[in-house]
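Peer 1: can't give you the sequence, but here's the structure:
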């Protein structure tokens, strides 16, 4: 698109570092190498930051913190029209590892990194196929970096296209998410940090993942849920956060039947007149 010419229209106010498609993590590492400031802000695709995001986040942080993360504003777009906007909640009463397991730490634009922290963990993994922000955050946690939740939400994550990295191959993304969570749980057990809230958070995510897989690959979804349950990593029934109607359908029809009914309900809702 015309991004290159738009960037250059700002003249010396910004510095443009190349146009070639080298992959997002390679580009991010190139940015870190070229940076000279204390803090680094990354921003993906068509996401954007509200005015004052960076200064606000730094002002809310402990000076000793090395990685800052905040709640993110999610916007759903249909073409040029915004359908919805909401702040994705982050429960301040839960610990850092629970936030990560629930995928609440990781959105790229909501984070702010000390450059030295990125150097400590070796930057972004250029071989990581997807879930890239989640993977680097997990390495930051394992390395013992000082992460802090800052309360103000000023980073906007735009949900607008099926061609973004996480949507192009939803099955791969969900299975990679599972692999990362399995790695995190294993590390927690090895380091004697595993708590019941971590297990509960992972089980909630695994059940939601099986439901997401059902939309694109029912056979994989059913095998996935069976495997998770056999390993004690998914609840035997829907969690309390699931709507009562779904829980009733599950009790009567099982997982496959409840998902078929939920899919039918979504289709009917989407076709209903305004």
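Peer 2: Arrived safely, thanks for sending. The structure displayed is predicted, hence computed values, not measured ones.
Peer 1: Quick check: phi and psi at residue 157.
Peer 2: phi -100, psi 110 (degrees, to the nearest 10).
Peer 1: oh, and call the first residue 385 from now on, that's how I've got it
Peer 2: Will do, 385 is the new start, and the previous item becomes residue 541.
Peer 1: List the residues that contact it.
Peer 2: 431, 456, 457, 458, 459, 491, 493, 494 (C-beta atoms under 8 Å, 6 or more residues apart in numbering). Just so you know, the C-beta spots here come from the backbone N, C-alpha and C atoms, and that holds for glycine as well.
Peer 1: Just flag the most distant two among those residues.
Peer 2: Farthest-apart pair in the contacts of residue 541 is 459 and 494; separation 13.2 Å (C-beta to C-beta).
Peer 1: In terms of neighbours, single out the busier of the two.
Peer 2: The residue with more neighbours, out of residue 459 and residue 494, is residue 494; 28 against 18, by other C-beta atoms under 10 Å.
Peer 1: That one contacts residue 458, doesn't it?
Peer 2: No - the pair residue 494 / residue 458 is not scored as a contact, 10.6 Å apart, by C-beta atoms under 8 Å.
Peer 1: got a pLDDT number for the closest residue to residue 476 other than its chain neighbours?
Peer 2: Sequence neighbours aside, residue 533 is the residue nearest to residue 476 in space, at 6.6 Å (criterion: C-beta to C-beta, 6 or more residues apart in numbering). Looking at residue 533, its pLDDT is 96.
Peer 1: same deal with residue 626?
Peer 2: So residue 626 comes in at 78 (pLDDT).
Peer 1: Now do the longest helix along the chain: which elements does it pack against?
Peer 2: In the chain, assigned by DSSP state H, the helix with the most residues is helix 628-655. Helices and strands touching helix 628-655, as assessed by 3 or more C-beta pairs under 8 Å, 6 or more residues apart in numbering; DSSP states H and E, comprise helix 580-600, helix 602-614.
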